[in-house]
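Colleague: can you look at this prediction? I've put the sequence above it.
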Amino acid sequence: MTLLSVNLNKIAVLRNSRGGREPDICRAAQTCIEAGCGGITVHPRPDQRHVRPDDVRALAGILRGRVEYNIEGNPFAGPRGDYPGLIALAREVRPTQVTLVPDDDGQITSDHGFDLKRDVGRLRPLVRELCELGCRVSLFIDAGIHDFDLAAVIGVQRIEIYTGPYAEAFADGRPAAALASCADTARRAHQAGLAVNAGHDLSQANLGTFKAAIPGLAEVSIGHALIGEALYEGLGTTVRNYLQILR
Ligand SMILES: CC(=O)[C@@H](O)[C@H](O)COP(=O)(O)O
Ligand SMILES: NCC(=O)COP(=O)(O)O
């Protein structure tokens with residue numbers, strides 16, 4: 001069964017736009033849990049454009065023991081102001097999973113994964129520390145890369161396939177090549193002993209096709225499209241729609 005982890009970044013975007021406390025990210029998490037999601041994802045960034053450190057801490061309190069908690073971020077960015085850095089946050093809240101994503105602050109969103117050959121050396125000590133904290137470690141990677149043995153040997157348990165190019169190809173009506181690249185990447189990761197997550201721009205429209213092409217898909221983390229769809233359908237209904245697609 002593929003776990004649905006709902007990314008709540010966009011709840012925080014809406015809240016921060018007025019500077020108050022509504023919409024409440026913890027109430028949104030509660031709604032998603034009651035609808036049956038298996039996890040919650042947040043991606044706190046050094047510029048705090050959406051999820052803030054206090055959100056990360058508050059969510060830890062309501063998720064623990066109920067659903068998986070996935071915190072994403074660039075482990076080499078920060079600290080900045082009261083953003084303590086991804087590893088420091090992981091030390092504090094010890095989430096189920098930490099997904100390492102090589103984003104720079106100037107990016108409007110995540111748009112690439114790690115270069116395993118280039119990055120594995122500097123990732124090694126961070127992966128070791130996160131494993132010692134009891135966190136599962138996932139690396140955000142582009143479809144089509146190789147060298148998964150390098151990730152496995154430093155203790156990485158999962159990869160997350162960046163599905164932005166697939167979503168774009170699906171929207172253009174020509175998903176076959178991008179889908180085949182994702183499927184081949186997943187196969188090679190499995191051969192290296194890694195489990196496979198996926199995320200970015202997945203939606204109710206494109207998720208079923210993706211899921212059918214990736215045997216053994218462990219988790220999808222979905223936020224932007226899901227929260228947008230929830231504005232029309234309601235958050236609980238939208239989560240249930242995604243769960244139906246993943247059955
Ligand atoms: C890693 C990834 O693709 C997303 O999880 C990321 O969290 C999107 O970040 P924004 O919500 O800031 O666009
Ligand atoms: N890791 C992907 C994620 O958490 C959500 O990405 P998106 O659905 O907001 O594009």
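Modeller: That came through, no problem. Please read these numbers as outputs of a predicted model, since none were measured by experiment. Ligands and ions are numbered 1, 2, ... in the order given.
Colleague: is the residue nearest to residue 142 when sequence neighbours are not counted in a helix, a strand, or coil?
Modeller: In space, and not counting its chain neighbours, residue 142 is closest to residue 113: 4.4 Å by C-beta to C-beta, 6 or more residues apart in numbering. (Glycine included, C-beta is placed from N, CA and C.) The three-state label given to residue 113 by DSSP: H, G, I helix; E, B strand; the rest coil is coil.
Colleague: please apply the same query to residue 204.
Modeller: Applying three-state DSSP: residue 204 is coil.
Colleague: got a list of what the closest residue to it other than its chain neighbours touches?
Modeller: Distances taken as C-beta to C-beta, 6+ apart place residue 241 nearest to residue 204, at 5.8 Å, with adjacent residues excluded. Residues in contact with residue 241 (C-beta atoms under 8 Å, 6 or more residues apart in numbering) are 204, 229, 233.
Colleague: about what we covered before: the residue nearest to residue 142 reaches residue 145, doesn't it?
Modeller: Yes - Residue 113 lies in contact with residue 145 (C-beta atoms under 8 Å); the separation is 7.1 Å.
Colleague: quick one, phi/psi of the one residue in the chain that gets nearest to ligand 2?
Modeller: In the chain, the residue that lies nearest ligand 2 is residue 199 (2.6 Å; C-beta to the nearest ligand atom). Taking degrees, to the nearest 10, you get phi -180, psi 160 for the backbone angles of residue 199.
Colleague: quick one: residues contacting it.
Modeller: 7, 41, 160, 161, 162, 163, 220, 221, 222.
Colleague: which one of those residues is nearest to residue 68?
Modeller: residue 41 (8.8 Å; C-beta to C-beta).
Colleague: pretty sure that closest one sits in a strand.
Modeller: Yes - under three-state DSSP, residue 41 sits within a strand.
Colleague: who's it bridged to?
Modeller: Counting by DSSP bridges, residue 41 forms beta bridges with residue 7, residue 70.
Colleague: my guess is it contacts residue 223. True?
Modeller: Yes - with contact defined as C-beta under 8 Å, residue 41 counts as touching residue 223 (6.8 Å).
Colleague: tell me, what's touching the two both at once?
Modeller: Taking C-beta under 8 Å, 6+ apart as the criterion, residue 41 and residue 223 both touch 6, 7, 8.
Colleague: who wins on neighbours among those?
Modeller: residue 6 (30 neighbours; other C-beta atoms under 10 Å).
Colleague: thought that one was touching residue 240?
Modeller: No - taking C-beta under 8 Å as the definition, residue 6 is not a contact partner of residue 240, at 11.6 Å.
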